[in-house]
Structure formats: C-alpha cells, structure tokens
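**Student:** just the structure for this:
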Amino acid sequence: MASTRRLAAILAADVAAYSRLIGADESGTLQALKAIRAELIDSKIAAHNGRLVKTTGDGLLVEFVSVVDALRCATEVQAGMAERNSTIAGDRRIEYRVGIHQGDIVVEDGDIFGDGVNVAARLEALAEPGEICVSARVQEDATGKLDLAFEDMGEQTLKNIARPVRAYRVTTSAGSARAREMTTLALPDKPSIAVLPFANMSGDPDQEYFADGVVEEIITALSRIRWLFVIARNSSFTYKGRAVDVKQVAQQLGVRYVLEGSVRKAGSRVRITGQLIDTTSGAHIWADRFDGALDDIFELQDLVASNVAGAIEPKLRQSEIERATRKPTESLDAWDLYLRALALRYQYTEEAIQEAVVMLRRELAIDPSFAPAAAMIGSCLMHQRVHRLAPVSDAEIAEAVRLARGAIEAGKDDPDALWMAGWTLSVFGGEPATGANVIDRALALNPNSAHAWAARGLVSLIQNRPDAAIEASERAIRLSPLDPWGARAFTFLLGAAHFAAGRYEQAIEWADRALAAQPGYRPGLLVKVASLAHLGRIDEARDWLGRVLELEPGLTIARWKATAPTLRPEYVARSEEGLRKAGMPEE
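**Tutor:** All right, here's what the predicted structure looks like:
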C-alpha cells in the first residue's frame, strides 16, 4: 500500500513509572490498564473523533483531525484518571503523561510516521505524571476555543529533533492526583527563588552543619537583592533530607527559580557546587563550583555566599529580561517595562537608549514610586551624552538630577535605585562626594551587587582616586565574571583607572579586553590611543586613532573634552596630552 501524507494532531501517551508498577504487581497493573482502556480511554477517543493508531505495553498513539478534539480527549482522560486515583494509594496509582503536536505525518499500512509523531512523543516525555504538554502550534490553535490555560515552558531541545520546539504545559481544574494533593501557590509579582538545603556528599554527618551554614548565608545574601523574592530559610529547610522534584518544590513554595547544590569534603578541602534552575522551563541558568580550605569555616561560608549571590543576580536578571521580551507589548506590566528598558539600555545604540527612556516613562506612569525606573532615566541620558549617541539638553539633565534625588528618597532601601541615582548625581549633578555616599549606602544594603561596585569605581575615577577605582572594579569582576555588561564596562573602567595612575601597559591590556567585547567602544579606543602615545608607540597610536575617527568623523580634542566635564583636570590633561601626541585635531 502506498504511503500518503497529511496534517494531523498527534497525541502520544504513556504510563509514568510503568516498570515500577509492573515490578510491584504485574497482574494487577495489567488488569487495571485493561479496565482503564475499556472504561475510559477508548470511549473518549471515539467521542472526539480520534483514531487509535497503536498501543505499546504502557503507551498509545492517537491521531485526530483537529487540535481541539485532541485536547478535549486528553483533558477528559486526565480528569477521569484523577478521579479514579482519588481513592488509590500513591504508590499504586496509574498516571498518564501526554504530549500533543500538530504536524505533517506519513501514513502507511495504517501506521503513522514523521516529525509530527516524533515531536508528540518527545513532548510526552516532558510532561509530569497527570500532565499534558503541547507544542506552540497546538497552543496557538487551541487558545480561545477551550477553557484551558497554558504555561509557557520555553524553547525545548528535543532528542533527535533538529529545531528547538516551544512547549506549553496545559493546566486544568483536575490535574493529576498528586498535583491536587499539594498546595500550588501563585508566583509573586517579582522574580522569586528558593534555596534548597545542599546535599552533604562527604559521608560525614558532622559536615551537615557546614552545608546548612552555606545555604543560610546564600539565603541572607540573596535577600539583599530588593527586586528578588526569596523564600525564608525555615520553609526551604522543610525539604532537608528528602529526594525532591524541583518543579514540585517550586509549585509548593510559589517560586520560579530554585537553587540546589552539594558539599563534598575531602581532608581539609571542601568543594561546593550549585546550579540554578528555571522551573517553568527546566532550563539550567547557571552552574559553578567553589573549592576552598576548611581552615576558617565561617570565612569560607561568607566567600561562597557572596560569590553565588553576585553570579546569580545578573543571570536572574537576564532570564527575567528574556521572559519579558517574549510577552506581547499590550500585556506588559510595570516590572516587564522596566526589564525591557534594562535590556535596551545595554544595547548602547541611540535608538535603543531612546526607546528605553520611553519604556521607563510608561513604567513611571503606572507606578510613579518605582525608584529604579526613575534612577535609570538618568543613566540612559548619561550614556547618550558621554558616548555622543544623541544631544542631551540642559532641561533633560535637570530632569535626570531631579529624578535621581527623588529615587534616593523613594528607594532608600533599594540598592539598584541608589547606585544609579548616585552615579547620576556624580556625573550630571557635579556632586561626586554625594554620589559616592549614596552608592556606599547601596553597597551596605547589598555588598554583592557587581554593578554598584562598578559605579563606585566610576565615581572614584571621577574623584581622581585610581587605586580605589581599581579595587572597586576588581570586586565587580570577581562578583560577576560573566556579566554581559561587565565584559565591556568593568574592563574599561580598570583600563581607565590604570591610565589615570600612569600605568599605561595595564591600561592597554584592560582596554583590549573591553574592545574584545565591543570592538567599536569609543571610550576603550581613546584610552588605548592615549596610552600608546604616552608609551612612545606613536605609529600604533595613530593607527588606532584612525579607527576612532572612522567611527566618529570630526572628533577633536575640544569635542572630546565637552563630553567629559566631570572628570578631574589631572585625568583630562593626561588624556589630552596623549591624544594630541597621537595626532587628534585640536578644534
């Protein structure tokens, strides 16, 4: 018989923990499955115009003409299974996992093949017992036609499927019997995280206190991040000593992110590992390990906690930005608008910075008291002026300073608002001493904020304190070595600080790192040009100056000085001398 092709909705299902059930009671399990087929599944398939293609010992494959029919069948089957399981002990329950996809299939001798079948099978493997997972194509076709909700699981890499597939979890009033037993809390209105007790892999019960101490310090450090909702220690530690499913934990605690880890001791050394999971998609956002000596346990706990918190903050922020950018514009709330503005802010183009300011103004219209948004407007305008992306008027500068002062008052306990406002006051307000005090308040609230340390370094540079700038910048890099913003900004700051101290070789080294992250980064190029000139490497300095002038034709020493009004005269004079030696025009 010749094969044919057609578009179909494919439902794949299997029994969770089938091998365990068979091992515990083969005869009883097979008898129960037979009854379920006869009393529930076959009738639901027929009622919704499905065709049972084939069965395996624990699974089945069904073809439907429409996505709506496939979903109705699946949800009614799962509801029926939840009802049947309500009086059965947990270890004896039969629960199905279901995956549904709509795609092109090949039909031959009554069997079906192709990508449509394969994707449905892989989606079924993503589902928890009692759950239904569907592809984006199914979700799009079913939205508005059925009284169902879909939870975005993000793009999934499926085995033997060449392209990523966006998956959705179907949420129904029935759900699995296990899901009905547990309390599912709604997510709070800001990013949320639980830190689970770390596993003691040492085989030494005496090390439990050390593992617990590490987790307690991490929870304390994360709690200083004001935009983050952190589950308290007493709730997290109810899972101590239990094998847990992080997705289940997240539902019970009402969080999006879960941090788990382990501690392994060998002699006087200890290794601590951690991984951060987005439980809505199952994606591992961050993972790392830390090795240290047990000479001073408490110092090691503090070190690990600060490093973990510093590394996690930008990863969480980036994950939240990606989540916000996937949402339709009309459904953006105040937090989403702020996140989108943050993403635009770090693109460093004129269009992106201007759009970020528009987003921030929309956010402030919704929530005028949201201090980080008010403070970020000033930082956006500073980038426009310092990097010559667009003219910034005196009225805009006055507005930025006014918003910064308001943010300091409204966000007195928000480190993000404080460091951005302090930076704005230092640059636009001409008040570096006041700005430094405000940033110090931010660091007192959250000493693990890499961006606050970088801001402190910038203000120290403005105050012509290069060694303090270097110390703060190195702290920022240590706290967030993979920060997407820091790859350019943190390294440039170190280059500029070494330049201010007359250490030109080191200045070039750090400027090169900034330029590796963004080859056309104007401040990094200028530090390199001036440093080469001071070292007497005039030909190289002129070559690099040529690249600057290609990016910004007509740049002169006078025009450069106009964008650096807050820098101390010593720094300006050192830069001016180097640029002049390299051949930059005066006017």
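
**Student:** now whichever strand or helix holds Trp286: buried residues?
**Tutor:** According to DSSP states H and E, Trp286 maps onto strand 283-293. Neighbour-count burial for strand 283-293, counted by 16 or more other C-beta atoms under 10 Å, picks out 285-286, 288, 290, 292. All C-beta spots, glycine's among them, are computed from the backbone N, C-alpha and C.

**Student:** ok, now stretch 368-376?
**Tutor:** Within stretch 368-376, the residues scored as buried using 16+ other C-beta under 10 Å are 370-376.

**Student:** export those residues to JSON lines and tack on distance to Ala162 and secondary structure?
**Tutor:** JSON lines is the format used below for the buried residues of stretch 368-376 (distance: C-beta to C-beta, whole Å; DSSP: H, G, I helix; E, B strand; the rest coil):
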{"residue": "Phe370", "distance to Ala162": "43", "secondary structure": "coil"}
{"residue": "Ala371", "distance to Ala162": "46", "secondary structure": "helix"}
{"residue": "Pro372", "distance to Ala162": "41", "secondary structure": "helix"}
{"residue": "Ala373", "distance to Ala162": "41", "secondary structure": "helix"}
{"residue": "Ala374", "distance to Ala162": "46", "secondary structure": "helix"}
{"residue": "Ala375", "distance to Ala162": "45", "secondary structure": "helix"}
{"residue": "Met376", "distance to Ala162": "40", "secondary structure": "helix"}
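
**Student:** residues in contact with the residue lying closest to Gly422 once chain neighbours are set aside?
**Tutor:** Excluding the flanking residues, the one nearest Gly422 by C-beta to C-beta, 6 or more residues apart in numbering is Val438, at 3.3 Å. Neighbouring residues of Val438 by C-beta atoms under 8 Å, 6 or more residues apart in numbering: 408, 418-419, 421-422, 425.

**Student:** may I have the secondary structure class of Val438?
**Tutor:** helix (DSSP: H, G, I helix; E, B strand; the rest coil).

**Student:** quick check: it vs Ala454, distance?
**Tutor:** Going from Val438 to Ala454 by C-beta to C-beta, to the nearest Å gives 15 Å.

**Student:** how far does the lengthiest helix in the chain sit from its chain's centre?
**Tutor:** Secondary structure of the chain per DSSP state H: the longest helix is helix 297-325. Taking C-alpha atoms, centre = their mean, to the nearest Å, one finds helix 297-325 lying 10 Å from the centre of the chain it belongs to.

**Student:** taking strand 283-293 as reference, get the angle to it.
**Tutor:** Put simply, helix 297-325 runs at 170 degrees to strand 283-293, going by axes from the mean of the first three to the mean of the last three C-alpha atoms, to 10 degrees.

**Student:** and Glu216, what element?
**Tutor:** Per DSSP H and E, Glu216 falls inside helix 208-223.

**Student:** now that helix: buried residues?
**Tutor:** 208, 210-219, 221-223.

**Student:** show the subsequent helix or strand relative to that helix.
**Tutor:** The helix or strand immediately downstream of helix 208-223 is strand 229-230, counting by DSSP H and E.

**Student:** what strands flank that following strand, and is each parallel or antiparallel?
**Tutor:** Paired neighbours of strand 229-230 in the sheet (DSSP bridges): strand 192-195 (parallel).

**Student:** need the contact partners of the strand it pairs with.
**Tutor:** By C-beta under 8 Å, 6+ apart, the list of residues contacting strand 192-195 reads 215, 218-219, 222, 228-231, 235-236, 249-250, 253-259, 316.

**Student:** which of the residues you listed are buried? Put it as a PyMOL command.
**Tutor:** In PyMOL, a selection of the buried entries from those looks like this (16+ other C-beta under 10 Å):
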select buried, resi 215+218+219+222+228+229+230+231+236+249+250+253+254+255+256+257+258+259+316
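
**Student:** for the buried residues of stretch 368-376, which one is nearest Asp467?
**Tutor:** Using C-beta to C-beta, Ala375 comes nearest to Asp467 of the buried residues of stretch 368-376, at 27.6 Å.

**Student:** now do the strands in the stretch 51-200 of the chain.
**Tutor:** 51-55, 59-64, 96-108, 111-113, 132-135, 149-156, 165-171, 192-195, 199-200 (DSSP state E, counting those that start in this stretch).

**Student:** now do the last one: distance to the chain's middle.
**Tutor:** Right, strand 199-200. 26 Å.

**Student:** and it, what does it pack against?
**Tutor:** helix 208-223, strand 257-266 (3 or more C-beta pairs under 8 Å, 6 or more residues apart in numbering; DSSP states H and E).

**Student:** rewinding a little: what residues does the helix holding Glu216 touch?
**Tutor:** Residues from elsewhere that reach helix 208-223 (C-beta under 8 Å, 6+ apart): 193, 195-200, 228, 230-233, 236-237, 240, 259, 261-263, 265, 270, 272, 294, 297-298, 301-302, 304-306, 308-309, 312, 448.

**Student:** what pLDDT does Ala564 get?
**Tutor:** At Ala564, the model reports a pLDDT of 66.

**Student:** could you number the chain from 138 rather than 1 from now on?
**Tutor:** Got it, the first residue is 138 from now on, which makes the last one we talked about Ala701.

**Student:** related to what we said a few turns ago, need the buried residues of strand 420-430 in TSV (columns: pLDDT).
**Tutor:** TSV is the format used below for those (pLDDT from 0 to 100):
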residue	pLDDT
Ile422	84
Trp423	85
Asp425	85
Phe427	82
Gly429	80
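
**Student:** now Asp553: closest residue in space, sequence neighbours ignored.
**Tutor:** Leaving aside its chain neighbours, Asp553 sits nearest to Pro509 (4.7 Å; criterion: C-beta to C-beta, 6+ apart).

**Student:** please apply the same query to Ile599.
**Tutor:** Once flanking residues are discounted, Ile599 sits nearest to Pro569: 4.8 Å by C-beta to C-beta, 6+ apart.

**Student:** for that neighbour, phi and psi?
**Tutor:** As for Pro569, its main-chain torsions (degrees, to the nearest 10) stand at phi -60, psi -30.
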